[in-house]
Structure formats: C-alpha cells, structure tokens
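Undergrad: Only the shape, not the letters, is given here:
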DNA sequence: GCCGTTTTCGGCCCGACTGTTTTCAGTCG
C-alpha cells in the first residue's frame, strides 16, 4: 500500500471524529472528548503522521499532544493495514452515515441512534423519506417540530452546503450592525463568532448587543427585511434564517458582562476551551458572564481586561484558533499583525483596454480614481497576457500601447496634484515548462511582473512544483499570483510542494501573493504562517476585475492577520520608493 | 482515552435553549 503520496492526517482526523460520535451515541463518558481532541490535533497538524511514524515510530506519535498509547496504536494500525478494527466494529454495530446525518441541525449522536434503532434510518435519503411519511414525530423524545426541522435541515444542506464566503456575507452583516447601532435603545453592538474572526467561510452571523430594553431589540431584529423564518424569539436571544440561506443570531447582554460575552461568543470554541483551562489553573472561573474568583466577578465589562487578568496579551479575534496564540499571549510574544489601514497600494488590478481587452470592467483612469479614493500611493495594472484568450490577454505590442496611455494618465493626475502613481505590470501565464508567454525584453520594461498558473492544473506535484520554481528563477518575475490555485467551495488547489516553493521564493527574492478575491484567499492562513517562518515576503492584492472589487483588500488583510503576518512581511505596506527598490 | 510543578489516579469547559417532557435530555455555541 502506498500511503506516502497522500497526507493521511485528514483521513485519520475524520475517523477519530466519527469514533467520538459513535462513543457518544453509546453513552460512553470522556472517551469521546479524547477522540475529538485527537481528531482536531491531526486536522491542523502540519507534519504528516505517516512521516512522523516512519522516522520515529510509535514514540514519535506519542509526542503529539492528545495522542496517547491507545490512539497511537490505532494510527499505527491504520498505517500498516489501512484500517482500524475498533472503528470498523463501531460502524458495524451502528451502520449509519454519521458524516451525512450529523450535518442536520438539531441531530446529534443520541437522536441518530434512536432513528436507527426504531426506524432503521442509515442515511439522508432514508431520513427524508421517514420525515415525509411522518414516522419521526411519534418517536419518544421527538415531535412534530423536530420532524419539520429535519426536513428543512435537509433542504438547507442541499441549497447552500452550509457555509458562505466571508466576502458574500460581511458587507451585509455590517449593514445590519449599522442599523442596530442606530437604535436609541442600543448602547453597544458588535459582530461576534466566526465573522468577527474573519474566517474565510461563515456558517452563521452572530450579533452581540448591550441594551436595557432587550425586547425592543428582539422585535426590531425579528422584523428585519429578508427574514425567511424565525427559529426562535426569546427575551434576550433570537435566531432567524435569511432568504439568502444563512442564519443570524442575536444576543442582548447587560453592560457589565459585555466583554465576557463578546470574548465568549467570538470563539473559536477551541480558543475558549483553552482559555477556560488557564482560568482554572489560575484559580478563576470563566464564563460568558465574566471572570470570577471565589464567586466574585473580577472582570467582564471589557474583553481586554479578561486577558489581562489571566496574565495574557490581547489576541485580536483573527488569531483566536488555539493554534499557538494562547501560548504566545501568555509569554507576551504575540505577533503585531498588519493593520487594516497599512496597505499603500494594490498591485493586481485588471482593466478594460481597447474596449474589450484584459477582462477588466473599468478603464485605467477609473481604477486610478478608485485607488485615490482608497488613499493609496500606487496602483499596479496587471493585465492578463496573450495566452489567456478568454480574458483577451495583451501581447507585447498592446502592452507597449497601454503603457503610453498609463504615462499620459500619470502626468494628468500629477498636474491635478494627486500623489498616486500608476505602475505598469502584467499577469503573465506560466506555461507547462515554466516559461511565460511574454518575451523577457518586454517584461524588463515593466515596473513589475506577476506570473500565475491559469492552465493545465492537473499536473503531478513534482512537475507543478518545478514549473513554478522555474518561473520564479526568471529575473523579471517579481510576484507569483494565487500560488495554490484553490477556489473555495469549488475546487482544490493544484498539487504543489508549497514548502519547496517558498524556499525557492526566498532564494530568488520572489514575492508570493495573498489574493484577496473572496473565493480565492490564496495563500491561506497556514501557508501565510509558513511563508513568514521561512522568510518569504508577501503582497496582498485584490485581483480586481471591477473598481469596486478593490474593496476586497479587507478580506486579504484579514487572511494575512489570521496567518500571523506583520507589516514587515507584506511588501505593499511600503512606500512607493521602498517598493520599487525591493522589486527585481 | 489523555494528562500531569496538586503526576500514575482522578479529573476532564460551561451555560442556555428547544422540544420534549412533567423535571429534563440533547444539542448548540
């Protein structure tokens, strides 16, 4: 069996999560959490357990936190035999598709077990059939509402696959936040949950409000336009489904525990668990109502004071994933992540040229005006090049003509007293052999050159890696755009040895892009962290095909922050002069 | 099942809501 080629961490992680659910189903105490922990650890572990096992054997596995004797044995068994007997037995005992059924809101292991035992339901299809035939409502512990919720849950799963892009939802959520802020009964309001942490995809939107008239807030919230269904409306908590297909929750809390509530509802869950453990170690108790010592509340009004009392630096929401930020905060070594107002220019903008070229919707001038509005010092026009027929890519001659036009507009803007500078660039295509589709003497004349993969995604890992590295060795290529090519919810990235690419980027002084386009966000957070550790510089670009899309920069910055990137790691935080000095 | 300057046993994060019950289990965040 050849397991070496693929990462087995994710497969094992899924198995351990499922074992946890099976055990919970059987009412076993504490073991489920242990397997869950192991699943979580493997999910985020950077090194492949297969490699760890090969190099250090079982001893190496035991060094992984959350992995003890029993789970190490199971990993060993999976590596040697490709399956885990314990897991197979659990599946045989209750042969249900947990991965499918657990996706339904309101169904957990215990209810799934009853459905299987009483009605023999094993998967979504059988669940839907039983619900439609009203066989579920009469079951003990179920009822007509549960039955209806199951049917709606199945619909939801079909419609949206559960999660939305941050870029789709954040503008909308901010609108509602603004409306709430305007209410005279509302003292404070904040987004919470994954949207406050700016995760790349969002399950639902959480609001936290301080008000002494919560009922009024509930009434307002539950009468917002676009609500499809009200899941629940209580005195201080309500939940609604929007027509677009996502849910929004709101909570009203008293001012004295706003900070504790905000901390709590921002999560992540893993971060909070770790934080509560620290609280216990230090003799406190932490809940959404505050930080308590011997029954007395010592902090909770502001989020910052909770961390301060626990002897920690304040981690910005984007960092709260329990992937090292807790330890760093305790030892006061948190990174000073890039701020949202530190970007001085966007180097990946497309334009309309000769009425049709280059896939963009706006002229050079319109894009430049937007850059001025955003307070930038420079904007880089990175036109597609000739290989990319579908985007009307430019050839050498057309690039030359475009540059004359850029010169003209630069002069015009200068006369007007604007300090913006339009930079001449292109986004060339990396061909199969690692060369690009524009001649070197043409590239040399540009201010900067981006190169990206836009074809033949399905190469072997080795060949794809070599292809990109060869492009980076070209002395004219400054930036590699969207380095892994993934599209969130649509397609996986191409197979590349990202570490090798980063090392080559460092050697060749090539910049890797953090593409801010909502469905790209590529590099992702773990890769950004890796790049920073390896010492590769990055650039946050929007890939805007329309002037309004230049606002996407916010999502790229959020991504950079989640990847622990600091101002110095990001090249377009520098002034124009410093930027030009850095480019090849 | 994991973990350990309370370390080889005895702990394991905490609270609210929903839908079901008739005092609470299950689920969620």
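TA: Received, thanks. These numbers come from a predicted model, not from an experiment.

Undergrad: Going by C-alpha atoms from here, please, whenever you check contacts or count neighbours.
TA: Will do.

Undergrad: Pick out the residue of chain A closest to DNA strand B.
TA: Distance from DNA strand B to each residue of chain A (C-alpha to the nearest atom of the strand) is smallest for residue A:143, at 2.2 Å.

Undergrad: Just to check, that residue is in contact with residue A:134?
TA: No - in this structure, residue A:143 is not within contact of residue A:134 by C-alpha atoms under 8 Å, at 9.8 Å.

Undergrad: Now the residue of chain A closest to DNA strand B. Nearest residue, chain neighbours left out?
TA: Spatial nearest neighbour of residue A:143, chain neighbours left out: residue A:137 (4.0 Å); criterion: C-alpha to C-alpha, 6 or more residues apart in numbering.

Undergrad: Give me the secondary structure label for the one you found.
TA: coil (DSSP: H, G, I helix; E, B strand; the rest coil).

Undergrad: tell me the contacts of it?
TA: Contact analysis of residue A:137 by C-alpha atoms under 8 Å, 6 or more residues apart in numbering lists A:131, A:143-147.

Undergrad: Low-confidence stretches in the stretch 401-550 of chain A?
TA: A:489-492 (pLDDT under 70).

Undergrad: ok, which stretches of it are helices?
TA: A:440-444, A:461-473, A:498-508, A:525-534 (DSSP state H, counting those that start in this stretch).

Undergrad: Next, format those as a markdown table and append mean neighbour count and distance to DNA strand B.
TA: Below are the helices of the stretch 401-550 of chain A laid out as a markdown table (neighbours: other C-alpha atoms under 10 Å; distance: least, C-alpha to the nearest atom of the strand, whole Å):
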| stretch | mean neighbour count | distance to DNA strand B |
| --- | --- | --- |
| helix A:440-444 | 14 | 51 |
| helix A:461-473 | 20 | 33 |
| helix A:498-508 | 18 | 27 |
| helix A:525-534 | 19 | 22 |
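
Undergrad: mind giving me the domain ranges of chain A?
TA: With domains defined by automatic domain parsing, chain A comprises A:9-93, A:98-160, A:164-253, A:260-330, A:345-582.

Undergrad: any idea which element the spatially closest residue to residue A:547 that is not a sequence neighbour lies in?
TA: Counting by C-alpha to C-alpha, 6+ apart, residue A:547 lies nearest to residue A:367, which is 5.5 Å off, once chain neighbours are set aside. In this structure, residue A:367 sits in helix A:364-373 according to DSSP states H and E.

Undergrad: neighbouring strands for the very next helix or strand once past that helix, and are they parallel or not?
TA: Later in the chain than helix A:364-373, the nearest helix or strand by DSSP H and E is strand A:378-384. If you go by DSSP bridges, strand A:378-384 pairs up with strand A:345-349 (parallel), strand A:421-429 (parallel).

Undergrad: Low-confidence stretches in the stretch 101-250 of chain A?
TA: Those would be A:159-162, if you go by pLDDT under 70 across the stretch 101-250 of chain A.

Undergrad: Tell me the residues of it that contact DNA strand B?
TA: A:102, A:104-112, A:137, A:139-147, A:193, A:231-238 (C-alpha under 7 Å from any atom of the strand).

Undergrad: Within the helices and strands, which one has residue A:113?
TA: Counting by DSSP H and E, residue A:113 is part of helix A:109-119.

Undergrad: Enumerate the positions of the next helix or strand along the chain from that helix that are buried.
TA: On the C-terminal side of helix A:109-119, the nearest following helix or strand under DSSP H and E is helix A:124-132. Neighbour-count burial for helix A:124-132 flags A:124, A:127-128, A:130-131 (criterion: 16 or more other C-alpha atoms under 10 Å).

Undergrad: Redo those as JSON lines? Include distance to residue A:362.
TA: Formatted as JSON lines, the buried residues of helix A:124-132 follow (distance: C-alpha to C-alpha, whole Å):
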{"residue": "A:124", "distance to residue A:362": "47"}
{"residue": "A:127", "distance to residue A:362": "50"}
{"residue": "A:128", "distance to residue A:362": "48"}
{"residue": "A:130", "distance to residue A:362": "54"}
{"residue": "A:131", "distance to residue A:362": "52"}
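
Undergrad: Out of these, which comes closest to residue A:558?
TA: residue A:124 (36.0 Å; C-alpha to C-alpha).

Undergrad: tell me the strands in the stretch 201-350 of chain A, going along the chain?
TA: Per DSSP state E, counting those that start in this stretch, the stretch 201-350 of chain A carries strands over the ranges A:201-202, A:204-211, A:227-233, A:237-242, A:247-253, A:285-287, A:290-293, A:296-299, A:345-349.
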